[in-house]
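Novice: okay, structure incoming, though there's no sequence with it:
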């Protein structure tokens, strides 16, 4: 089977940096995606890592270590609107489903 | 920007009734998915669809579920006889092929299904 574990909650102050971790166990692996979901909203794609290393997109960065089956999402210069749930998701190939993690609920405070 | 649309946004039905959830994927996308999310839980895969047939389905997608692409634009999920535990948010998603399009799934806003 496949499993992805994430911390359930994290709280950080506006303007700070926060890292949200994801560890996975999966049979077959193409890459790790990150999705943001606001309450009542749909998951929105943030990033994708197929290879080891860091990918940066604006305030968001995502890291993958395939040998450790581990990844993280880094958010810089936190804003109140970043308060949401963040899911890692394993992608196992073309026309393949996403298997989502348990999600980390981020609360940004003043 | 193109988007996936879903109707209705909220569906209330009685246990044992049939429901059809509708989705219009992004027009040039080729791969279609249904996921569901029970309140407060993670998103779970139900089924993937490509080239007018099911590519993969989860154990949740039993004989009570079916999908169809009746024309060139709509993609539907039918639940034949709803159960209380089918209450969830149902998301449709799609993506294209080649490069980033092959892994960036676009999700619709969801249909909240409430079975009473």
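Specialist: Perfect, I can see it now. Keep in mind that what you see is a predicted model, and the values were worked out from it rather than measured.
Novice: name the nearest residue to the most centrally placed residue in chain B, sequence neighbours excluded.
Specialist: The C-alpha lying nearest the average C-alpha coordinate of chain B belongs to residue B:34 (C-alpha atoms, centre = their mean; 2.9 Å). Using C-beta to C-beta, 6 or more residues apart in numbering or on different chains and skipping the chain neighbours, the partner closest in space to residue B:34 is residue B:46 (4.3 Å). C-betas here are computed from N, CA, C, even on glycine.
Novice: wait, doesn't the one you found sit right on residue B:58?
Specialist: Yes: between residue B:46 and residue B:58 there is a contact under C-beta atoms under 8 Å: 5.8 Å.
Novice: those two: which is more packed in?
Specialist: With neighbours defined as other C-beta atoms under 10 Å in any protein chain shown, residue B:46 and residue B:58 compare such that residue B:46 has more, 22 against 17.
Novice: can you classify that one as helix, strand or coil?
Specialist: Using DSSP: H, G, I helix; E, B strand; the rest coil, the structure places residue B:46 in strand.
Novice: cool, and residue A:67?
Specialist: The assignment at residue A:67 comes out as coil when based on three-state DSSP.
Novice: could you measure from it over to residue A:97?
Specialist: Between residue A:67 and residue A:97 the distance is 24 Å, computed by C-beta to C-beta, to the nearest Å.
Novice: now residue B:90
Specialist: Applying C-beta to C-beta to residue B:90 and residue A:97 gives a distance of 15 Å.
Novice: neighbour-wise, which of these two wins?
Specialist: It is residue A:97, of residue B:90 and residue A:97, that has more neighbours when counted by other C-beta under 10 Å, with 25 against 22.
Novice: please list the residues of chain B that sit near chain A.
Specialist: Residues of chain B lying near chain A by C-beta under 8 Å from any C-beta of the partner chain: B:31, B:33, B:35, B:42-45, B:48, B:50, B:55-56, B:58, B:91, B:97, B:100, B:102-110.
Novice: residues contacting the residue nearest to residue B:34?
Specialist: With contact set as C-beta atoms under 8 Å, 6 or more residues apart in numbering or on different chains, residue B:46 has these partners: B:33, B:34, B:35, B:36, B:57, B:58, B:60, B:61, B:65, B:77, B:90.
Novice: buried residues in stretch B:67-77?
Specialist: Neighbour counts over stretch B:67-77 (16 or more other C-beta atoms under 10 Å in any protein chain shown) mark B:67, B:69, B:75, B:77 as buried.
Novice: and the helix or strand that contains the last one, which strands flank it?
Specialist: This means residue B:77. Following DSSP states H and E, one finds residue B:77 within strand B:75-79. Applying DSSP bridges, strand B:75-79 is found paired with strand B:19-24 (antiparallel), strand B:65-68 (antiparallel).
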